[in-house]
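Novice: predicted model, plus sequence, below.
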Amino acid sequence: SRLQVLDISWFTDSMREGRPVTVETSHLTECSPPTADANVSQYACLRRTTTENHNKIFTDVLEELAENSEFNESKGPCLAFRRAASVLKSLPSAVHCLGAIQGLPCLGEHTKAVMEEILIFGRSFKVEEVQSDERYQALKLFTSVFGVGPKTAEKWYRRGLRSLKEILAEPNIQLNRMQRAGFLYYRDISKAVSKTEAKALRSIIEETAHWIAPDSILALTGGFRRGKEYGHDVDFLLTMPEMGKEEGLLLRVIDRLRDQGILLYCEHQGSTVDMSKLPSRRFEAMDHFEKCFLILRLEEGQMERDEGLAVRVDLVAPPVDRYAFALLGWTGSRQFERDLRRFARKERGMCLDNHALYDKTKKLFLPATSEEDIFAHLGLEYVEPWQRNA
Ligand code: DCT
Ligand code: MG
């Protein structure tokens with residue numbers, strides 16, 4: 001590698017000795033960029049991003065700034081910080097100087113300024129300012145509760161509430177069922193779920209589904225399918241090999257989980273799939289498959305932790321002819337999905353979502369029975385799930 005480690009001893013020595021310091025940006029730009037970076041695409045679906053992130057010191061800060069922008073409803077800056085973090089995650093090595101990021105896409109002036117702070121001082125004053133902001137702290141805390149989105153969090157903040165205790169003590173606040181479960185199991189579900197725990201859940205749900213329908217198909221999706229060690233929940237797809245046979249299956253699985261005494265909470269949503277209205281342009285929009293948001297209880301023997309038994313689980317039940325699209329959509333990452341859709345729209349004149357792929361020029365839906373089919377329709381090289389951690 002032609003990367004040089006940035007030597008800031010001249011700076012720290014001067015500080016210690018009380019000598020005046022002039023920061024010359026040449027110190028930051030002199031090293032040459034790694035040649036491999038010349039072809040980094042602006043689209044995450046044209047990059048390979050494993051769970052091994054060499055630039056966590058930058059991406060953690062950028063993602064926090066993105067979240068802050070989201071709370072402030074600054075969509076542009078939010079997306080810009082998310083895209084910048086995503087590009088850095090895909091790099092094969094750590095960035096040690098600003099010269100190394102020359103020519104990379106999606107790194108704007110704000111991002112570069114933040115990276116420069118981190119390179120020189122080992123910390124970002126910008127993010128520290130955000131972290132110490134009362135509103136940011138409150139919104140982050142409130143949205144960490146299952147069932148609480150930015151709108152509700154903002155409402156509570158405006159009423160002068162600052163802690164979870166204050167919310168629970170406020171008689172005028174009406175929590176919905178999901179939020180009540182969110183508070184009730186807060187301690188457990190705010191902890192990360194491990195891969196071992198995800199596998200244990202997979203066995204439980206698979207056994208339950210097979211007991212009801214032996215030929216049912218269950219797939220682990222979300223972050224764990226991408227090879228992540230930890231996640232905030234566990235996501236599954238459930239379907240049947242024959243069209244229409246999936247109807248009613250999810251409700252029977254839920255009933256069986258309840259009979260086993262492991263269902264702590266369930267919110268079920270029936271299917272609202274209407275092919276005439278697909279595909280939807282907005283990524284953020286929920287898909288229309290039948291699904292349920294659950295909190296399940298894991299036995300102690302299945303846990304890596306000493307205590308805490310409640311785990312968040314999403315179960316989605318698409319019909320088998322939509323399965324490949326649902327699998328691609330629910331595997332994520334969110335940034336990977338956003339860019340797949342953007343690539344489809346901007347580069348191919350196609351519309352992609354969790355249900356379908358539509359060719360706007362040919363005016364037809366493109367069928368797919370596997371994720372490989374969808375990548376092929378888009379004229380993209382196949383990207384393995386563990387390379388989608390954008
Ligand atoms: N997804 C989707 N539509 C939704 C929600 C999620 O298509 N309404 C997709 C995007 C990513 C994937 O499903 C899984 O979502 P999360 O569980 O939120 O993300 P994750 O990558 O599994 O990360 P985490 O470890 O936090 O669960
Ligand atoms: Mg998940």
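Specialist: Cool, the structure landed. What you see is a predicted model, and the numbers here were worked out from it, not measured in a lab. Ligands and ions are numbered 1, 2, ... in the order given.
Novice: identify the residue spatially nearest to the residue of the stretch 251-390 of the chain found nearest ligand 1, adjacent ones excluded.
Specialist: Of the residues in the stretch 251-390 of the chain, the one nearest ligand 1 is Gly332, at a distance of 2.9 Å by CB to the nearest ligand atom. Glycine gets a C-beta too; all of them are placed from N, C-alpha and C. On the basis of CB to CB, 6 or more residues apart in numbering, the spatially nearest residue to Gly332 that is not a chain neighbour turns out to be Gly222, at 6.0 Å.
Novice: can you pull the contacts of that neighbour?
Specialist: Gly231, Asp233, Val234, Asp235, Asp314, Trp330, Thr331, Gly332 (CB atoms under 8 Å, 6 or more residues apart in numbering).
Novice: which two from those residues end up farthest apart in space?
Specialist: Greatest spatial distance in those: Asp233 and Thr331, 13.9 Å, computed using CB to CB.
Novice: those two - which one has more neighbours?
Specialist: Set side by side, Asp233 and Thr331 show unequal neighbour counts under other CB atoms under 10 Å, the larger going to Thr331 at 22 against 19.
Novice: got a list of what the more buried one touches?
Specialist: Contacts of Thr331 were listed using CB under 8 Å, 6+ apart, and they are Thr221, Gly222, Arg225, Arg226, Glu371, Pro385, Arg388.
Novice: who wins on neighbours among those residues?
Specialist: Among the contacts of Thr331, Arg388 has the most neighbours (other CB under 10 Å), with 25 neighbours.
Novice: and the contacts of Thr331 as JSON lines, adding pLDDT and distance to Ala324?
Specialist: Putting the contacts of Thr331 into JSON lines (pLDDT from 0 to 100; distance: CB to CB, whole Å) gives the following:
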{"residue": "Thr221", "pLDDT": "98", "distance to Ala324": "12"}
{"residue": "Gly222", "pLDDT": "98", "distance to Ala324": "16"}
{"residue": "Arg225", "pLDDT": "98", "distance to Ala324": "14"}
{"residue": "Arg226", "pLDDT": "98", "distance to Ala324": "17"}
{"residue": "Glu371", "pLDDT": "98", "distance to Ala324": "6"}
{"residue": "Pro385", "pLDDT": "98", "distance to Ala324": "13"}
{"residue": "Arg388", "pLDDT": "98", "distance to Ala324": "15"}
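Novice: keep only those residues that also lie close to ligand 1.
Specialist: The overlap between those and the neighbours of ligand 1 (CB under 6 Å from any ligand atom) comes to Gly222.
Novice: just send the contacts of Thr331 back as a markdown table, with distance to ligand 2 and secondary structure too.
Specialist: Formatted as a markdown table, the entries for the contacts of Thr331 read as follows, by distance: CB to the ion, whole Å; DSSP: H, G, I helix; E, B strand; the rest coil:
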| residue | distance to ligand 2 | secondary structure |
| --- | --- | --- |
| Thr221 | 8 | coil |
| Gly222 | 3 | helix |
| Arg225 | 9 | helix |
| Arg226 | 9 | coil |
| Glu371 | 18 | helix |
| Pro385 | 13 | helix |
| Arg388 | 13 | strand |
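Novice: quick check: the two most widely separated of the contacts of Thr331?
Specialist: Gly222 and Glu371 (14.6 Å).
Novice: buried set for stretch 360-368?
Specialist: Using 16 or more other CB atoms under 10 Å as the test for burial, stretch 360-368 gives Leu366, Ala368.
Novice: what is the end-to-end distance of that stretch?
Specialist: Between the start and the finish of stretch 360-368 there is a gap of 17 Å, counting by CA to CA, to the nearest Å.
Novice: list the contacts of it.
Specialist: By CB under 8 Å, 6+ apart, the list of residues contacting stretch 360-368 from outside reads 275, 321, 324-325, 349-351, 356-359, 373-374, 377.
Novice: ditto for stretch 192-203
Specialist: Outside stretch 192-203, the residues that touch it by CB under 8 Å, 6+ apart are 218, 220, 224, 228-234, 236, 296, 298, 302-304, 311-313.
Novice: CA-only coordinates of that stretch in CSV, if you can.
Specialist: Output for stretch 192-203, consisting of C-alpha atoms alone and laid out as CSV, is shown next (Å, rounded to 0.1, in the frame of the first residue of the first chain):
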residue,chain,number,x,y,z
ALA,A,192,-27.9,-6.2,20.7
VAL,A,193,-29.0,-9.6,19.5
SER,A,194,-26.1,-12.0,18.8
LYS,A,195,-25.7,-14.3,15.8
THR,A,196,-26.0,-17.3,18.1
GLU,A,197,-29.3,-16.0,19.4
ALA,A,198,-30.5,-15.3,15.9
LYS,A,199,-29.7,-18.9,15.0
ALA,A,200,-31.6,-20.2,18.1
LEU,A,201,-34.6,-18.2,17.0
ARG,A,202,-34.3,-19.5,13.5
SER,A,203,-34.6,-23.1,14.8
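Novice: that stretch near ligand 2 at all?
Specialist: No - counting by CB under 5 Å from the ion, ligand 2 has no neighbours in stretch 192-203; the shortest distance is 8.5 Å.
Novice: rounded mean pLDDT for that stretch, please.
Specialist: Averaged across stretch 192-203, the pLDDT comes to 96.
Novice: identify each buried residue in stretch 109-117, please.
Specialist: The neighbour-count criterion (16+ other CB under 10 Å) identifies His110, Thr111, Val114, Met115, Glu116, Glu117 as the buried residues of stretch 109-117.
Novice: ok, those vs Ser144, which is closest?
Specialist: For the buried residues of stretch 109-117, the minimum distance to Ser144 (CB to CB) is 23.8 Å, reached by Val114.
Novice: burial measure for the closest residue to Lys112 other than its chain neighbours, as a count.
Specialist: Computed as CB to CB, 6+ apart, the closest residue to Lys112 that is not its neighbour in sequence is Leu98, at 6.7 Å. If you count neighbours by other CB under 10 Å, Leu98 ends up with 21.
Novice: okay, Leu98: pLDDT?
Specialist: 95.
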